[in-house]
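Engineer: Next one to model:
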Amino acid sequence: MSKKSGKIAERIAAFQGRELSAYYLGYFDCFNRQEFYEAHDVLEELWLADRRGPIGDFFKGLIQLAGAFVHLQKERLRPSAALFKLARTNLTKYPATHWQLDMTVVLKLIETWLAWLEGCDFDHNPFHIQPPPMLQILK
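Structural biologist: I've put the predicted structure just below:
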């Protein structure tokens with residue numbers, strides 16, 4: 001087990017034995033704590049197992065979404081916008097509700113943050129003035 005694998009195992013331990021994958025649930029837990037890099041790492045485990053399968057682009061889009069916020073945390077506004085666009089491209093392939101996630105809400109979140117970045121011509125980081133992004137799974 002690599003050093004990274006041990007950290008991921010810690011992140012998902014509380015979500016084992018649930019209906020949805022512990023990696024998937026761990027992604028949302030990390031994302032909503034603004035631990036975007038960790039969210040990326042956790043979900044990457046699912047993506048690697050199905051990257052060429054029917055839900056590979058779904059996981060990739062969510063990873064790119066987390067990555068966009070990693071870039072915002074590091075003040076890299078244009079790379080953030082590029083990842084928002086890639087995430088949008090990958091996530092629009094899926095139905096309005098997918099894996100108990102309201103895709104309309106996710107796509108609106110992407111559009112909103114992208115508009116903030118482009119609207120200020122990449123001069124101000126919206127991450128410092130907007131409420132933190134949150135993602136919720138439908139029950």
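Engineer: show me what contacts the closest residue to residue 98 other than its chain neighbours?
Structural biologist: Spatial nearest neighbour of residue 98, chain neighbours left out: residue 58 (6.2 Å); criterion: CB to CB, 6 or more residues apart in numbering. Glycine gets a C-beta too; all of them are placed from N, C-alpha and C. The contact partners of residue 58, by CB atoms under 8 Å, 6 or more residues apart in numbering, come to 90-91, 93-94, 98-99.
Engineer: want to throw those into TSV with secondary structure?
Structural biologist: Below are the contacts of residue 58 laid out as TSV (DSSP: H, G, I helix; E, B strand; the rest coil):
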residue	secondary structure
90	helix
91	helix
93	coil
94	coil
98	strand
99	coil
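Engineer: Looking at those, which one is closest to residue 42?
Structural biologist: residue 99 (14.6 Å; CB to CB).
Engineer: lowest confidence element among the helices and strands of this protein?
Structural biologist: Across the helices and strands of the chain, mean confidence by mean pLDDT, DSSP states H and E is lowest for helix 3-12: a mean of 81.
Engineer: State the mean pLDDT of the following helix or strand past that helix.
Structural biologist: Using DSSP states H and E, the helix or strand that follows helix 3-12 towards the C-terminus is helix 22-32. The average pLDDT for helix 22-32 rounds to 97.
Engineer: That concludes my questions; thank you for your assistance.
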